[in-house]
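Colleague: This is a predicted model, with the sequence first.
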Amino acid sequence: MKKIFTLICLLAFLQINAQAQQERPLADRPNIQGLKIAFITKQLSLNSEEAQKFWPVYYDFSDKARRIRQEEKDDEIAFEEKMLTERKKFKAEMKKILVADDRVNKSLTLDRDFNNVIKKELEARRDQRLQKGLNKQ
C-alpha cells in the first residue's frame, strides 16, 4: 500500500513539474547574450563601425576577467590587482574606439548595469508568480 501511495505521489509531482515547464518553452525564452548585446549597444549608442571594433575587445576582456576569476578565486587581493590591470588596458583600448571619456567610463560599468537590470527583472517576475499563487488560493 505504501509503495502504491509513493508511486502516485511521484507521478503527481512529475505531472505538476511537466506542466510548469510547459508554461514557457525554451524556444520562447529570450537569449540573455542577445539581450546583453542589445543593452550595451543601446547604452553606448554604438554605430556599426564602432561595434565592429568594440565587440572583439569586449569579448577579449570578458574572457580575461573570467580566467582571472577562476585563477584567483582564493586570493582576493591578487584578483583585484589583476582585474585592475586588465581594466586599465580595456579602458585604453576603449578610448581608441569610443573616443569620448563618458562613453569609455560607461563601458567599464555596463556589465554591472546589465546584471542589475536582469536581477530586477527576475525579482519582478518572481513577485508576479508569488502574487498569482496568492490570488489562486
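Modeller: Cool, the structure landed.
Colleague: contacts, neighbours, all on C-alpha from now
Modeller: Fine.
Colleague: I'd like the average pLDDT over the one helix or strand Gln43 maps to.
Modeller: Taking DSSP states H and E as the criterion, Gln43 maps to helix 32-44. Averaging pLDDT along helix 32-44 gives 93.
Colleague: Can you spell out which helices and strands pack onto it?
Modeller: When contacts are defined as 3 or more C-alpha pairs under 8 Å, 6 or more residues apart in numbering; DSSP states H and E, helix 32-44 packs onto helix 101-107, helix 110-136.
Colleague: Where does pLDDT dip in this structure?
Modeller: 1-30, 137 (pLDDT under 70).
Colleague: how does it look with 90?
Modeller: Along the chain, the model assigns pLDDT under 90 to residues 1-33, 129-137.
Colleague: picking up where we left off before, counting neighbours, show which residues of the helix holding Gln43 come out buried.
Modeller: 36, 39-41, 44 (16 or more other C-alpha atoms under 10 Å).
Colleague: got the angle for it vs helix 110-136?
Modeller: Relative orientation of helix 32-44 versus helix 110-136 (axes from the mean of the first three to the mean of the last three C-alpha atoms, to 10 degrees): 120 degrees.
Colleague: Past helix 32-44, which element shows up next along the chain?
Modeller: helix 48-71.
Colleague: could you give the angle of that following helix to helix 110-136?
Modeller: Using the same axes, to 10 degrees, helix 48-71 lies at 80 degrees relative to helix 110-136.
Colleague: neighbouring contacts of helix 48-71?
Modeller: Contacts with helix 48-71, where a contact means C-alpha atoms under 8 Å, 6 or more residues apart in numbering, come from 41, 79, 82-83, 86-87, 90, 93-94, 97-98.
Colleague: at 7 Å what do you get?
Modeller: Outside helix 48-71, the residues within contact range by C-alpha atoms under 7 Å, 6 or more residues apart in numbering are 79, 83, 90, 97.
Colleague: got JSON lines for those, with secondary structure, distance to Glu50 and neighbour count too?
Modeller: Formatted as JSON lines, the contacts of helix 48-71 follow (DSSP: H, G, I helix; E, B strand; the rest coil; distance: C-alpha to C-alpha, whole Å; neighbours: other C-alpha atoms under 10 Å):
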{"residue": "Phe79", "secondary structure": "helix", "distance to Glu50": "30", "neighbour count": "17"}
{"residue": "Met83", "secondary structure": "helix", "distance to Glu50": "24", "neighbour count": "18"}
{"residue": "Phe90", "secondary structure": "helix", "distance to Glu50": "15", "neighbour count": "19"}
{"residue": "Ile97", "secondary structure": "helix", "distance to Glu50": "6", "neighbour count": "19"}
